[in-house]
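# Below is the structure, and that's it, no one-letter string:
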């Protein structure tokens, strides 16, 4: 990252670094591609918290991203924009009929570039095509898990998936976690690495910046009462008092594998990330 460290004018600004917005070419989003974003606070339809540490944060509108890239057309990149809902940058594109779409921007995308969707496209930055047509060793992003369902893998800033090879109707890919697995060769992927690779170098500096993003504090289990967490209780700062750590619901945590061994997709995983 560039020298985005700010002057320590206060304790909250010490060690604080800003994001790099140099590649952004538009300040206002496309109104026709915006929709309200309802905050859940981590609660499901019953009002129960199912995802902890979520709540608050700044208000923002959701940008409708085209993760499927289903329409076979040539798209012209109009602008590169900031998206408050994700770490990657997004690109506003327009097809020959004048319809506009948001897509996840890859590295080296610039306004005026032409990108394509479809079977007959070439292997170049930003083009979306089926994995069967992508040679081995190419870095891709926004990869589908099931054909036609939309991108699932490698959608965050700086991530990419490596195409390792093809066998029968399956393609072997290496995920950012290091896992090797087979997926359907009809799944689509975008050529190139996701943009904003410097996102991982941001120094948040203070807890308040995380609150702006809607992330609430995480409290240690051993700082709680014993009726709230298995690690709780004791006099002062003591150990958890058990052989292995547990979740708040008493299940094994921190390293214990929880994937079902009888899951149908288990046979598609060649090598686990661990």
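Thanks, I have it. Keep in mind that this is a model prediction, so the values were computed, not measured. Numbering: from 1, shown residues only.
# Checking residue 267 next. Helix, strand or coil?
Per DSSP: H, G, I helix; E, B strand; the rest coil, the secondary structure class of residue 267 is helix.
# How about the residue nearest the centre of the chain, nearest residue that isn't a chain neighbour?
Nearest residue to the geometric centre of the chain (C-alpha atoms, centre = their mean): residue 156, 3.3 Å. Among residues not flanking residue 156 along the chain, residue 87 sits closest, at 5.2 Å (C-beta to C-beta, 6 or more residues apart in numbering). Just so you know, the C-beta spots here come from the backbone N, C-alpha and C atoms, and that holds for glycine as well.
# which regions of the stretch 1-150 of the chain sit below the pLDDT cut-off?
1-3 (pLDDT under 70).
# can you pull out the strands in it?
Taking DSSP state E, counting those that start in this stretch as the criterion, the stretch 1-150 of the chain carries its strands at 34-35, 62-63, 74-81, 90-94, 100-104, 114-116, 128-130, 139-141, 143-144.
# per-residue confidence at the closest residue to residue 237 other than its chain neighbours?
Nearest residue to residue 237, sequence neighbours excluded (C-beta to C-beta, 6+ apart): residue 222, at 7.7 Å. At residue 222, the predicted lDDT confidence score is 94.
# Residue 222: what's it in contact with?
229, 231, 232, 234, 237, 238, 239, 240 (C-beta atoms under 8 Å, 6 or more residues apart in numbering).
# Only the buried subset of the residues you listed, as a PyMOL command please.
Buried residues within the contacts of residue 222, by 16 or more other C-beta atoms under 10 Å, are selected in PyMOL with:
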select buried, resi 229+231+232+240
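# which of the contacts of residue 222 sit farthest apart?
With C-beta to C-beta as the measure, no two of those lie farther apart than 229 and 237, at 14.9 Å.
# neighbours around residue 153, how many?
21 (other C-beta atoms under 10 Å).
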